[in-house]
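# Need a 3D model of the following:
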Amino acid sequence: MKVHFIAIGGSAMHNLALALHNKGYEVTGSDDEIFDPARTRLEKAGLLPETEGWHPECITPDLDAVVLGMHARIDNPELIKAQELGLKIYSYPEYLYEQSKDKLRIVVGGSHGKTTTTAMILHVLRHCGIEADYMVGAQLQGFDVMVKLTENAKVMVLEGDEYLTSPIDRRPKFHLYRPNVGIITGIEWDHINVFPTFDIYKEQFSKYIDLIEEGGTLIYCDDDPVVHDVATANKRTDIAKLPYDVPEYKVENGITYLTGYNTPVALNIFGRHNMLNLTAARYACREIGISDEKFNEAISSFGGASKRLELVKKNDLCAVYKDFAHAPSKLRATINAMHEQYPGRKLVACMELHTFSSLTQEFLLQYHGTMDEADLRCVYFSQHALQLKKLPPLDPEAVRKAFGDNVEVFTDSKELTEYIKKLFRDNENKNLLMMSSGNFDGIDFAKLADEII
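Next up, the predicted model:
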């Protein structure tokens, strides 16, 4: 098979290209800019384009498929050439479905918790010796790639993103996977640039339920009132519906245990939201025959997904964590998890406004009170991020008012770093939580942790 990638440098796209290369396909690709880690990984596999840019001459009639990335525009010259030749053009999720349509598909959808729940399922399957193909949105410990495709695996686990599919296909990605087992972890308004109202956003999850294969299963978080309403409003009788809630657990001496079993199960992860994610993963694993006993044995060694409440460094007085949290409910859940795991220890919580939604003036009010449980609160954003997203400038005072009183707002990452270091000079029991889908414009979390611990 000969497959060409238009916009091969994207996070998802280059991982799919590597997966097909590892499967023995002949892979080519192009892009107008490619950054690390994609550049290094593509170069190592011999897939890095010789020159950056778009090259219509690479689009030839002998191609079996063209995969179109979201980064490419609708007037891309390679796309136009492929259309003129009548080649089969797939979006990224369409091609993943093509590769998995004869497998049992577990799709993890939801506004938050997708990556962690997907990672948990994959960890348990590996522990139980069950071969599985997968696509996940973060690098996982013990997994070399973020996309794996094989001929032999009978199961494929897919992280179901609700963002748009491609420049020529405006459907949400998770509408294309047609799950046998579909999960909804939570619903909270996001992607305001393509779903301008919460009702439109919520409707995408109703459609997702309608796309579960006949005889399949919906696993949904009954703890989330919006998910509950969407799931129970759906009238399908040809699928099973399995609601889940928070399992019994306790925290002792800084360790979280699952209770309700003959022997408490010690975990490496913590937080109420992670207990919900764990239960969603448990229910999915039951669907493919994994017992609770086997699941508990496996999940006890799960260390978490990258940047999901990931420990950077700690000592007896301080722990530094980084987390992907950026949406309002994610901030609340992560801050509460830190307090629950470290009772009696103060928390310095910093979050970066980085996504399109979070940097939009109308959406900012959704954040009101979300960081109130932290003892010291910082919000960071950069004017450069606003310029890249072609958004109007934000007033720091408007940001402060949106979050509530006693929030410090920064627009310079060096100033934020110095402020944090000053807060930790008293050597009292205090934790630091850095939350962003970005990197605070280049803050080195490991270096910062070394300087304050």
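
# In contact with the nearest residue to residue 319 once chain neighbours are set aside, which residues are there?
Excluding the flanking residues, the one nearest residue 319 by CB to CB, 6 or more residues apart in numbering is residue 431, at 4.8 Å. Where you see a C-beta, it was placed from the backbone N, CA and C, and this is true even at glycine. Contact partners of residue 431, counting by CB atoms under 8 Å, 6 or more residues apart in numbering, are 318-321, 338, 342, 345-348.

# what secondary structure does the residue most central in space within the chain sit in?
By CA atoms, centre = their mean, the chain has its centre lying nearest to residue 115, at 4.4 Å. Of the three states, residue 115 takes helix according to DSSP: H, G, I helix; E, B strand; the rest coil.

# looking at it, it is touching residue 324, isn't it?
Yes. Look at residue 115 against residue 324 with CB atoms under 8 Å: they come within range, at 7.5 Å.

# joint contacts of these two?
Common neighbours of residue 115 and residue 324 (CB under 8 Å, 6+ apart) are 138, 308.

# Show me the contacts of residue 431 that map onto helices.
Using DSSP state H, the members of those that fall within helices are residue 338.

# distance of residue 168 from residue 401?
Distance of residue 168 to residue 401, computed by CB to CB, to the nearest Å: 41 Å.

# Could you do residue 17 as well?
From residue 17 to residue 401 the distance is 45 Å (CB to CB).

# the more surrounded of the two?
Shown here are residue 17 and residue 401; by other CB atoms under 10 Å, residue 17 has more neighbours (28 against 15).

# Remind me which helix or strand that one belongs to.
helix 11-22 (DSSP states H and E).

# and for that helix, what are the contacting residues?
Under CB under 8 Å, 6+ apart, the answer for helix 11-22 is 1, 3, 5, 7-8, 27, 29, 34, 38, 41-42, 45, 47, 67, 69, 71, 92, 95-96, 135, 137, 145-149.

# buried subset of these?
The neighbour count (16 or more other CB atoms under 10 Å) marks 3, 5, 7-8, 27, 29, 34, 38, 41-42, 47, 67, 69, 71, 92, 95-96, 135, 137, 145-149 as buried among the contacts of helix 11-22.

# now the strands: where do they sit in the stretch 301-450 of the chain?
Ranges of strands within the stretch 301-450 of the chain are 310-314, 319-323, 346-352, 376-380, 407-410, 430-435, based on DSSP state E, counting those that start in this stretch.

# Quick check: residue 339 touching residue 346?
No. Taking CB under 8 Å as the definition, residue 339 is not a contact partner of residue 346, at 9.7 Å.

# Give me the domain ranges for this structure.
Domains of the chain are assigned by automatic domain parsing as 2-87, 95-299, 310-452.

# okay if I get these as a markdown table plus mean pLDDT?
Formatted as a markdown table, these follow (pLDDT from 0 to 100):
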| stretch | mean pLDDT |
| --- | --- |
| domain 2-87 | 95 |
| domain 95-299 | 95 |
| domain 310-452 | 93 |
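
# quick revisit: could I get the contacts of residue 431 in TSV, plus columns for neighbour count?
What follows is those, written out as TSV (neighbours: other CB atoms under 10 Å):
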residue	neighbour count
318	21
319	23
320	24
321	26
338	23
342	20
345	16
346	15
347	20
348	22
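
# Out of the contacts of residue 431, which is nearest to residue 220?
Proximity of those to residue 220 (CB to CB) peaks at residue 338, which lies at 26.6 Å.

# Next, the contact list for the closest one, please.
271, 321, 347, 349, 431, 433 are the contacts of residue 338 under CB under 8 Å, 6+ apart.

# State the distance from it to residue 350.
Taking CB to CB, one finds residue 338 at 12 Å from residue 350.

# Likewise for residue 387?
Computed as CB to CB, the residue 387 to residue 350 distance reads 22 Å.

# neighbour-wise, which of those two wins?
Ranked by neighbour count (other CB under 10 Å), residue 387 and residue 350 place residue 350 first, with 25 against 10.

# Correct me if wrong: that one contacts residue 380.
Yes. With contact defined as CB under 8 Å, residue 350 reaches residue 380; the gap is 6.5 Å.

# what do those two both touch?
In contact with both residue 350 and residue 380: 416, 440, using CB under 8 Å, 6+ apart.

# The stretch 151-300 of the chain: helices as residue ranges?
Along the stretch 151-300 of the chain, counting by DSSP state H, counting those that start in this stretch, helices occupy 198-210, 225-233, 272-287, 292-299.

# Please convert these to CSV, extending it with mean neighbour count.
Written out in CSV, the entries for the helices of the stretch 151-300 of the chain read as follows (neighbours: other CB under 10 Å):
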stretch, mean neighbour count
helix 198-210, 17
helix 225-233, 16
helix 272-287, 23
helix 292-299, 16
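
# is it possible to export those helices to CSV including distance to residue 392?
Shown next, in CSV, are the helices of the stretch 151-300 of the chain (distance: least, CB to CB, whole Å):
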stretch, distance to residue 392
helix 198-210, 22
helix 225-233, 30
helix 272-287, 33
helix 292-299, 45
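
# Out of these, flag the one nearest residue 334.
Short answer: helix 272-287, nearest of the helices of the stretch 151-300 of the chain by CB to CB, at 7.4 Å.

# I'd like the distance between residue 89 and residue 76.
For residue 89 relative to residue 76 (CB to CB), the value is 11 Å.

# part of a strand, is residue 108?
Yes. The assignment for residue 108 (three-state DSSP) places it in a strand.
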